[in-house]
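Engineer: Test case, fold it:
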Amino acid sequence: MCSIAKYSQFICIYSIFSYTYITYHHLHIYLLLTNVEHISTYLNKLFIHSVTYISECQLNYTESNRIRG
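Structural biologist: Below you'll find the predicted structure:
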């Protein structure tokens, strides 16, 4: 069971880094295609989505540990 917990934690961390990397490229393209007025709105949405995604991932990991523990 311990190895499963470590594996799920690895997937959680990997998915966060993947999400951040993909989002960075989307942001770079977005900044090239838009004007400055929309950047703050986009960054706010990006921040909210990132926090939500990381929170859900951590919650799933915590819940899986609680069920096993």
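
Engineer: Quick one: the helices in the chain, in order.
Structural biologist: 2-33, 39-68 (DSSP state H).

Engineer: want to throw those helices into JSON lines with mean neighbour count and mean pLDDT?
Structural biologist: C-beta coordinates here come from the backbone N, C-alpha and C atoms, glycine included. Formatted as JSON lines, the helices of the chain follow (neighbours: other C-beta atoms under 10 Å; pLDDT from 0 to 100):
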{"stretch": "helix 2-33", "mean neighbour count": "12", "mean pLDDT": "70"}
{"stretch": "helix 39-68", "mean neighbour count": "12", "mean pLDDT": "73"}
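
Engineer: contacting residues for Asn60?
Structural biologist: By C-beta atoms under 8 Å, 6 or more residues apart in numbering, the contact set of Asn60 is Cys12.

Engineer: From Phe47, how far out is it?
Structural biologist: 21 Å (C-beta to C-beta, to the nearest Å).

Engineer: Repeat that for Cys12.
Structural biologist: Counting by C-beta to C-beta - Cys12 and Phe47 are separated by 19 Å.

Engineer: again, but for Ile54
Structural biologist: Separation of Ile54 from Phe47 (C-beta to C-beta): 11 Å.

Engineer: Mutual contacts of the two, please.
Structural biologist: Counting by C-beta under 8 Å, 6+ apart, Ile54 and Phe47 have no contacts in common.

Engineer: Alright, that wraps it up for me.
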